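Chemist: sequence below, structure please.
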Amino acid sequence: MDGYAVLSYAHRVGKPAVLATLVHAQGHSYRKPGATMLLLPDGGKIGCLSSGCLEADLQLRSEQLLISDEAEIVTYNLQPEEDAIWGEAIGCGGMLRILLEPLGSDCMSMLADAYRIVESGREVEWLRYSSARRKLEYELVPRLFDGIPLAQDRGQTKQTKQTKQGSESLFSTVFRPRARLFVFGADEGTLPIARLAGQVGFRIAIGDWRASVANSERYPDAEIAVGSREEIMDSLRLGSEDYVLICGHQLRKDREMLECVLPIRPAFLGIMGSKSRIGHLLEGLTKSEFTLVSAPVGLDIGAEGPEEIAVSIVAQLIATRKERMKDRRVSTIASRGNVLGCWSEQEDVHTEATHGTCSR
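Modeler: This next block holds a predicted model:
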């Protein structure tokens, strides 16, 4: 979600700002390495790196960086024995290393291009190079889902790396398309599901056979597909990377959609309803097909009413998304290298680094 928020800002607003990226965490940390926060010139921010311990200091630093146009790395030692430096017990308890990058209009334009690439369903890698002390140069490289640069970009990337100061990229971030959640059924109960899932980073698609309920007025930020199951499938082009919820509340309609969705083996397939109704809906499925289905969908938190049920369902979606990222060894900081004299290396969700640029 962090990366998409940065790209969205570049696309919608595009004003200069400072990007703060957590590149190393030792001990307790509110966020994992790779988390980002955008510090805006008006004092606003998008995202967070701590529970509030660091934001004021980072904002002060960002004002100077926008003037100097120089990046820097800041280390915060929030371990208990260092609390006296801050004048009170903060309680974060870790050592954090944060890269601060002033993003001017040219860089914002590049990130706006990255937004369009990601929205088209492709990954894009954002490379940083060191051109001078605390000065960074940038490059975008569209990628396939397996992380390999597209054919037309491979030669350009190799040549660019050779002409920069140093033969390798110094630091990079991979922006990936948001996972898409397809909700079949546009009844009242799916409104809070779509709203909450959108807030935690899913792209939303709604399918229904009734235009009166499946429309942009009720689902303003969603793809909408209305018609038969075949028309919905053709319109949305669902695939194995999609998350699917079947919530039509009409047994025949839900069964028809289930039969269409099962062959694509989506990333997640959940069905809403009572156990007895779901039992009828799943009649005749093979053992392997049963393993694909989560029903009744949602974590067992004793939820009652549409809003609580939405929380239980979206919590399960988040857990599934996190597990898939872990299985694929996906990390926000994709490449590692020498950044302003600081070596940072990330594997999975743990980063180790040594540096000597700027500390506090």
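
Chemist: quick check: what element follows whatever helix or strand residue 183 lives in along the chain?
Modeler: According to DSSP states H and E, residue 183 maps onto strand 180-184. The first helix or strand that comes after strand 180-184 along the chain, using DSSP H and E, is helix 190-199.

Chemist: in that following helix, which residues are buried?
Modeler: Residues 190-198 are the ones in helix 190-199 that count as buried (16 or more other Cβ atoms under 10 Å). Bear in mind the C-beta positions are built from the backbone N, C-alpha and C, glycine included.

Chemist: picking that back up, taking helix 190-199 as reference, get the angle to the strand holding residue 183.
Modeler: Between strand 180-184 and helix 190-199, the angle comes out at 180 degrees (axes from the mean of the first three to the mean of the last three Cα atoms, to 10 degrees).

Chemist: what about residue 220, neighbour count?
Modeler: Per other Cβ atoms under 10 Å, the neighbour tally for residue 220 reads 11.

Chemist: helix, strand or coil for it?
Modeler: Following DSSP: H, G, I helix; E, B strand; the rest coil, we place residue 220 in the coil state.

Chemist: state the distance from it to residue 212.
Modeler: Distance, residue 220 to residue 212, by Cβ to Cβ, to the nearest Å: 16 Å.

Chemist: now do residue 24
Modeler: Distance check for residue 24 against residue 212: by Cβ to Cβ, it reads 53 Å.

Chemist: with residue 283 instead?
Modeler: Residue 283 sits 30 Å away from residue 212, going by Cβ to Cβ.

Chemist: give me the sheet partners of the strand holding residue 183 and which way each runs.
Modeler: Using DSSP bridges, strand 180-184 pairs in its sheet with strand 203-208 (parallel), strand 243-246 (parallel).

Chemist: low-confidence bits of the stretch 201-350 of the chain, can you list those?
Modeler: Residues of the stretch 201-350 of the chain that meet the criterion pLDDT under 70 lie in 327-350.

Chemist: in it, which spans are helices?
Modeler: For the stretch 201-350 of the chain, helices defined by DSSP state H, counting those that start in this stretch occupy the ranges 229-236, 251-261, 275-281, 287-290, 305-327.

Chemist: got the angle between the last one and strand 180-184?
Modeler: Just to be clear, that refers to helix 305-327. 140 degrees.

Chemist: now helix 305-327: buried residues?
Modeler: Within helix 305-327, the residues that count as buried by 16+ other Cβ under 10 Å are 309-317, 320-321, 325.

Chemist: now render those residues as TSV, adding distance to residue 289.
Modeler: Listed next are those as TSV, based on distance: Cβ to Cβ, whole Å:
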residue	distance to residue 289
309	25
310	26
311	28
312	24
313	21
314	24
315	25
316	19
317	20
320	18
321	22
325	25
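
Chemist: take the helices of the stretch 201-350 of the chain and lay them out in CSV including distance to residue 120.
Modeler: Putting those into CSV (distance: least, Cβ to Cβ, whole Å) gives the following:
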stretch, distance to residue 120
helix 229-236, 15
helix 251-261, 24
helix 275-281, 35
helix 287-290, 32
helix 305-327, 21
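
Chemist: of those, which is nearest residue 37?
Modeler: Closest approach to residue 37 among the helices of the stretch 201-350 of the chain is made by helix 305-327 (20.0 Å; Cβ to Cβ).

Chemist: other SSEs contacting that closest one?
Modeler: Counting contacts by 3 or more Cβ pairs under 8 Å, 6 or more residues apart in numbering; DSSP states H and E, helix 305-327 is packed against helix 190-199, strand 243-246, strand 268-271.

Chemist: neighbouring strands - and their directions - for the last one?
Modeler: Paired strands of strand 268-271, with direction, are strand 243-246 (parallel), strand 293-294 (parallel) (DSSP bridges).

Chemist: and the strand or helix carrying residue 10, how far out from the chain's middle?
Modeler: Secondary structure from DSSP H and E places residue 10 in helix 2-12. Computed by Cα atoms, centre = their mean, to the nearest Å, the chain-centroid distance of helix 2-12 equals 11 Å.
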